[in-house]
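>>> give me the fold of what follows.
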Amino acid sequence: HVPTMAENTREPGTRAVSEEMEAQGEERQVSEEGEEEVEDDDEVELDLELEADDITSDPAFDGLDEIAQDMLDNPLIKDALDSGMDLRAYSRQVARDLELLQRDSIQDYLQEANSMAQLYGQIRTCDDILSTMESMLGTFQGDLGNISSEIQHLQDQSAAINVKLRNRQAIQPELTSLVRSLAISPQLIDTICSPDPSLTPQFEAATQALQEKLEFVAQQDPHTKALEDVQGDMDKLRLRAAMKIQEFIVSAIHGVRKPMSNIENFQELLLRHTMSFLFLTNQHREAANLVKTEYVDTLSKVHFSYFKTYIGRLLKLQYAAVPDKDDVLAADDSTGKRSSIFSSKTVLKSRATTFTLGPRGFILEQLANPIILPHVILEDKTQRDQKLPYEALFRSYMKALIDTSIREYLFSLEFFHVKDSTGAEFFKHIMGKSLQLVAKHIETHMATSYDGISVMLCMCMVTSFKLHTQDEHAECIHPFLDQVFALLQQTFTRIINHNAASVQAVQPEKLAKVDTNPHFIVRRYAEYFGALLKLNQTAKSTQAAEALSNLKLEVENFILRLAAEFPQRDHQLVFLVNNYDLMLSVYTEQTSAANAESQTIQELLTARINEYAMLLLAPAFGGLIGFAKRTEAELEKGGFRLDESKIHQLNQSFEQQWKSTIDSLAGNVLRTFPNFHNGTLVLQEALTQLVLYYERYLALLKKPELRRSGGWPNLVDRHQLMVEVRKHKGTF
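Next up is the predicted model:
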């Protein structure tokens, strides 16, 4: 038998049903046979000895009681037990019911076999369709997977491209800077290699651009390929630019060697090309050092030659006759000539005043004036015979030296770009020879100088020049100025000591025509000392102040020695008052009244005026003054004894002569002191002392020890005395 397609279609399902039915039939047959055996056995009683074999003790039966209890709790089983139903019969009934149901169920299955076979075929068809769809969906899923991988690939490519873009954008500025910094334009090459020897603005701009490129190259990796391509060209341009700059500057420096060259214009020219020399310093140190050496050598010689010639020409304008060792304070010039105590040599004086300042002090107000041009003065017929004191020449060449030094120092800092630490050394190389020349000239001149005022004026100028250089931040010149100042101080001290020695050597007894008027040596000293004291306020020299103090001591001793030549004390005092007053008036005119020297002379003058006033009062009023002093002392000690006759005598004497004595005092002072100022001081002091002592005398008479009932007769009223004294206030 060959199965049909329908049978083949149903074969799996039919075979399964048949097998199930056969199994159920065999099972039912076995069940029926078993039931029959059971029914037959119901009538037989089995005597089984179950107690001998208790199976409940087997661990496999653990929990059986709980299962039995659960079954007893089942409602159906419980109802059956409650109704007294036979469980075996009930079991057989249930089995028969199940068999009937099974047979009905099998019959139903058999009746629906075709439908189920059709259903099976439909399921197979659907299964095939679903398989096809599954295959199609699998293919579609694969395609979708491929598309996803392609999209992922595209995303990866996009991310990589984006990274490359960002990297290129990040490196673009540096790369642009690199290319721009390394690229050498034809215009740059043509400008630097131009045959024009001058340093034009275009050339300096090109060297500045080349400087930037060279600095950029120095910061890069030397193994960079781009650097290797342009390194050679840049080196050639660097050397070409350095050579051109060197030739231009050296040529300009050589131009200064020509006569009448203007150094200021030359330096201004170089300052316009400061950046070019900076390029030379950075890119060709050997050429820059060569330029510096050439500049130092040339300018050093030019300045030395200039100052040597200039000072030589200036000295032709100096006074022919200058103070010498015989021009001292003690020299006698009462005649038209002057002879020193050290020498009988006569010297004609046709020069600036040696011991008075006069118009010479104006030189300190002319420090900023232009320097003297000797060739102009010598070539001008109207000025050819003009002569000048040495301090005027000193101001001129020192101003020229200071201005040149400041200009050279500042130029070196700005053009050669030297630092402050090395700027002073560089300045020394340029101006050292000129400074030594000037210092040597000053030393030579000061060795034979005896003009103290001129030396002090030079010291004042050096101090002012030092302040000026400090304002200009050119302290490199200070060592030279300090050297000159020390040399001037030494010379000044020598001159002052020489004058002090001349005063000390004077023998008063050999001087002729000594009277009570101020002595010519004192007058000369007062003018000299006052001028120097005034100038030293500007110079601020402690060494000079010490020398002047020694001179002052010698002159004061000389005044005392000269006063001792007068036999009478009143003449001595008049001489001292006149000389002290002269000194004080000159000091006050030249310097501040609060000056220490002025205060010292004022104290000496006051003491001598007081002594002279008491000396004037002594002839007429000495008894009254002495009585007042003695009585006050005795009253203080407690040993006073009253002498009425003495008091009557004093009262009577004072009443008779006080008016005439005051008039006599005024006339005597007028004759003794031609200087009204001195006379006023002396007369006022005398009258003041008279009033004071008379008041003390009246006060003593009022004391209990001297008081007398009814008072003392012949007493002059104090107010009368004051009225008479006031009459003489306008005398001088």
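>>> which SSE is immediately downstream of the helix or strand that contains Leu624?
For Leu624, the host element (DSSP states H and E) is helix 596-637. Toward the C-terminus, helix 596-637 is succeeded by helix 644-672 as the next helix or strand (DSSP H and E).
>>> report the inter-axis angle for the helix holding Leu624 versus helix 644-672.
Between helix 596-637 and helix 644-672, the angle comes out at 170 degrees (axes from the mean of the first three to the mean of the last three C-alpha atoms, to 10 degrees).
>>> just give me how far helix 596-637 sits from the chain centre.
Helix 596-637 sits 63 Å away from the centroid of its parent chain (C-alpha atoms, centre = their mean, to the nearest Å).
>>> which other helices and strands contact it?
The helices and strands touching helix 596-637, judged by 3 or more C-beta pairs under 8 Å, 6 or more residues apart in numbering; DSSP states H and E, are helix 569-590, helix 644-672, helix 676-701. The way it works is simple: take the backbone N, C-alpha and C, and place the C-beta from them, glycine included.
>>> out of those, nearest to Asp326?
helix 569-590 (23.9 Å; C-beta to C-beta).
>>> residues of that closest one that come out buried?
Neighbour-count burial for helix 569-590 flags 570, 572-588, 590 (criterion: 16 or more other C-beta atoms under 10 Å).
>>> kindly report the same for stretch 491-498.
By neighbour count on 16+ other C-beta under 10 Å, the buried set for stretch 491-498 is 491-496, 498.
>>> my guess is Leu687 contacts His728. True?
Yes. Judged on C-beta atoms under 8 Å, Leu687 makes contact with His728 at a distance of 6.6 Å.
>>> please say which of those two ends up with more neighbours.
Per other C-beta atoms under 10 Å, whichever of Leu687 and His728 has more neighbours is Leu687, with 23 against 18.
>>> quick one: the helices in the stretch 251-400 of the chain, in order.
Taking DSSP state H, counting those that start in this stretch, the helices of the stretch 251-400 of the chain run over residues 263-271, 274-283, 285-314, 374-379, 390-415.
>>> any idea how far the residue positioned nearest the centre of the chain is from Lys164?
Centroid-nearest residue in the chain, with C-alpha atoms, centre = their mean: His473, separated by 13.7 Å. Plainly put, His473 is 59 Å away from Lys164 if you go by C-beta to C-beta, to the nearest Å.
>>> equivalent analysis for Asn265, please.
According to C-beta to C-beta, Asn265 stands 62 Å off from Lys164.
>>> next: Lys703.
In terms of C-beta to C-beta, Lys703 sits 127 Å off from Lys164.
>>> now do Thr293
57 Å.
>>> and what of Asp97?
Separation of Asp97 from Lys164 (C-beta to C-beta): 86 Å.
>>> for Asn610, same thing?
112 Å.
>>> more neighbours, these two?
Asn610 (16 against 10).
>>> isn't the more buried one right up against Glu685?
Yes. Counting by C-beta under 8 Å, Asn610 touches Glu685, with 6.2 Å between them.
>>> next SSE after the longest helix along the chain?
Taking DSSP state H as the criterion, the chain has its longest helix at helix 113-182. Next helix or strand after helix 113-182 toward the C-terminus (DSSP H and E): helix 186-192.
>>> in terms of secondary structure, what does that following helix contact?
Under the contact rule (3+ C-beta pairs under 8 Å, 6+ apart), helix 186-192 is packed against helix 201-218, helix 225-255.
>>> who's in contact with that helix?
202-203, 205-207, 209-210, 233, 237, 240-241, 244 (C-beta atoms under 8 Å, 6 or more residues apart in numbering).
>>> which PyMOL command selects the buried ones in these?
In PyMOL syntax, the buried subset of the contacts of helix 186-192 is picked out as below (16+ other C-beta under 10 Å):
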select buried, resi 203+206+207+209+210+237+241+244
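>>> between the contacts of helix 186-192, which is nearest Ala288?
Nearest member of those to Ala288, counting by C-beta to C-beta, is Ala241, at 12.5 Å.
>>> hang on, the earlier thing: so the helix holding Leu624 versus helix 569-590, what angle?
Using the same axes, to 10 degrees: helix 596-637 against helix 569-590 is 140 degrees.
>>> please begin residue numbering at 18 from this point
OK, 18 is where the count begins now, so the last one is helix 613-654.
>>> okay if I get the helices and strands packed on helix 613-654 as JSON lines plus mean pLDDT and distance to Ala441?
Below are these laid out as JSON lines (pLDDT from 0 to 100; distance: least, C-beta to C-beta, whole Å):
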{"stretch": "helix 586-607", "mean pLDDT": "88", "distance to Ala441": "39"}
{"stretch": "helix 661-689", "mean pLDDT": "85", "distance to Ala441": "65"}
{"stretch": "helix 693-718", "mean pLDDT": "86", "distance to Ala441": "56"}
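>>> where does the chain have low pLDDT?
Applying pLDDT under 70 to the chain flags residues 18-80, 195, 198, 350-369, 398, 609-611, 726-728, 746-749.
>>> quick check: neighbours shared by Asn627 and Glu702?
If you check Asn627 and Glu702 against C-beta under 8 Å, 6+ apart, no residue is contacted by both.
>>> now for Ile206, how many residues are close by?
When neighbours are defined as other C-beta under 10 Å, Ile206 has 16 of them.
>>> distance of it from Val234?
According to C-beta to C-beta, Ile206 stands 16 Å off from Val234.
>>> ok, Leu117 next?
Between Leu117 and Val234 the distance is 114 Å, computed by C-beta to C-beta.
>>> and the two? Which one has more around it.
Ranked by neighbour count (other C-beta under 10 Å), Leu117 and Val234 place Val234 first, with 18 against 10.
>>> so what's the more buried one closest to, chain neighbours aside?
Once flanking residues are discounted, Val234 sits nearest to Leu244: 6.0 Å by C-beta to C-beta, 6 or more residues apart in numbering.
>>> thanks a lot, catch you later.
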